[in-house]
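>>> got a predicted structure plus its sequence, pasted below:
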Amino acid sequence: EDKVVQSPLSLVVHEGDTVTLNCSYEVTNFRSLLWYKQEKKAPTFLFMLTSSGIEKKSGRLSSILDKKELFSILNITATQTGDSAVYLCAEPSNTGNQFYFGTGTSLTVIP
Amino acid sequence: NAGVTQTPKFQVLKTGQSMTLQCAQDMNHEYMSWYRQDPGMGLRLIHYSVGAGITDQGEVPNGYNVSRSTTEDFPLRLLSAAPSQTSVYFCASSFHRRVQSPLHFGNGTRLTVT
């Protein structure tokens, strides 16, 4: 059973559109939820959401955490072609020794 | 800062061959780990280490060995390569004892086993 489930699997939008990516997770002793952007190489860290920080924003990207409903969303406004990537979310295990990743949402932004 | 460095970037092996994927980090991270990434499967944890001399298995450890003799290095050994091990491998590290510490990834090794 998957611990982290992302939706949609893929998304194609035009430049300037706003997109919302979804991540649902399981929780036993919740520690944090992380978002990453993966282009051709390594995943790069975007946000970490915790019990003390349920909203994060950086430029056109923002993310919120709903601990009651066990999901997080990543919003990207005024999308650009450079936003094209796979977006991953991850949850650490209750010991912090393992990170469980979703399969990702592939975002394509068309000029 | 170099961050997390993986070598090689690409490798082709024949079935039955062995090899070692190298990973080094210069951020003094206690925690290091190896993931494989396959289409439709996401990132799956192979092995991890919470400090020098300590290693443990992740979700998909079979066919792989690791050791952690120093804080900086965490090599991954394929003992007898199989086509099912064709994948992209990522090494990642973080400050384990700090709750708010994200994983930092290397650029990956693309391995093909024929």
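Cool, got the structure.

>>> can you list the residues of chain B near chain A?
Taking CB under 8 Å from any CB of the partner chain as the contact definition, chain B meets chain A at B:4, B:31, B:33, B:35, B:40-45, B:48, B:50, B:56, B:58-59, B:90, B:96, B:99-100, B:102-108. Heads up, the C-betas are built off the backbone N, CA and C, glycines and all.

>>> please check those residues and keep the buried ones.
By neighbour count, with 16 or more other CB atoms under 10 Å in any protein chain shown, these hold B:4, B:31, B:33, B:35, B:42-45, B:48, B:50, B:58, B:90, B:96, B:102-106, B:108 as buried.

>>> give me the number of residues near residue B:8?
11 (other CB atoms under 10 Å in any protein chain shown).

>>> meant to ask about residue B:60, not that
18.

>>> pretty sure it sits against residue B:46.
Yes. Residue B:60 is within contact range of residue B:46, at 5.6 Å (criterion: CB atoms under 8 Å).

>>> name the residue closest to the centre of chain B, please.
Taking CA atoms, centre = their mean as the criterion, residue B:34 is the residue nearest the geometric centre of chain B, at 2.7 Å.

>>> which SS class is the residue nearest to residue A:16 when sequence neighbours are not counted?
Nearest non-adjacent residue to residue A:16, counting by CB to CB, 6 or more residues apart in numbering or on different chains: residue A:78, 5.8 Å away. With DSSP: H, G, I helix; E, B strand; the rest coil as the basis, residue A:78 sits in coil.

>>> any idea how far the residue nearest to the centre of chain B is from chain A?
Distance from residue B:34 to chain A, counting by CB to the nearest CB, to the nearest Å: 12 Å.

>>> alpha carbons of the one helix or strand that residue maps to, in CSV - could you do that?
Residue B:34 is located in strand B:31-38, with elements delineated by DSSP states H and E. Extracted in CSV, the C-alpha atoms of strand B:31-38 (Å, rounded to 0.1, in the frame of the first residue of the first chain):
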residue,chain,number,x,y,z
TYR,B,31,22.4,10.4,7.2
MET,B,32,23.1,9.0,3.8
SER,B,33,21.0,6.8,1.6
TRP,B,34,20.7,5.2,-1.8
TYR,B,35,17.5,5.2,-4.0
ARG,B,36,16.7,3.8,-7.3
GLN,B,37,14.2,5.4,-9.6
ASP,B,38,12.2,3.5,-12.2
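
>>> and chain A, which residues reach chain B?
Neighbours of chain B within chain A, by CB under 8 Å from any CB: A:31-32, A:34, A:41-45, A:48, A:50, A:88, A:90, A:96-99, A:101-104.

>>> name only those of these that count as buried.
The neighbour count (16+ other CB under 10 Å) marks A:31-32, A:34, A:42-43, A:45, A:48, A:50, A:88, A:90, A:96-99, A:101-104 as buried among the residues of chain A next to chain B.

>>> among those, which are located in helices?
Using DSSP state H, no member of those sits in helices.

>>> so which of these belong to strands?
With DSSP state E as the criterion, strands contain A:34, A:43, A:45, A:48, A:88, A:90, A:99, A:101 from among those.

>>> which pair of the residues you listed spans the longest distance?
Across those, the longest distance by CB to CB is 14.1 Å; it joins A:48 and A:101.

>>> can you get me a residue count around residue A:107?
By other CB under 10 Å, 21 other residues sit near residue A:107.

>>> that one in helix, strand or coil?
Under three-state DSSP, residue A:107 comes out as strand.

>>> can you tell me the closest non-neighbouring residue to it?
The shortest distance from residue A:107 to any non-neighbouring residue, by CB to CB, 6+ apart, is to residue A:11 (5.1 Å).
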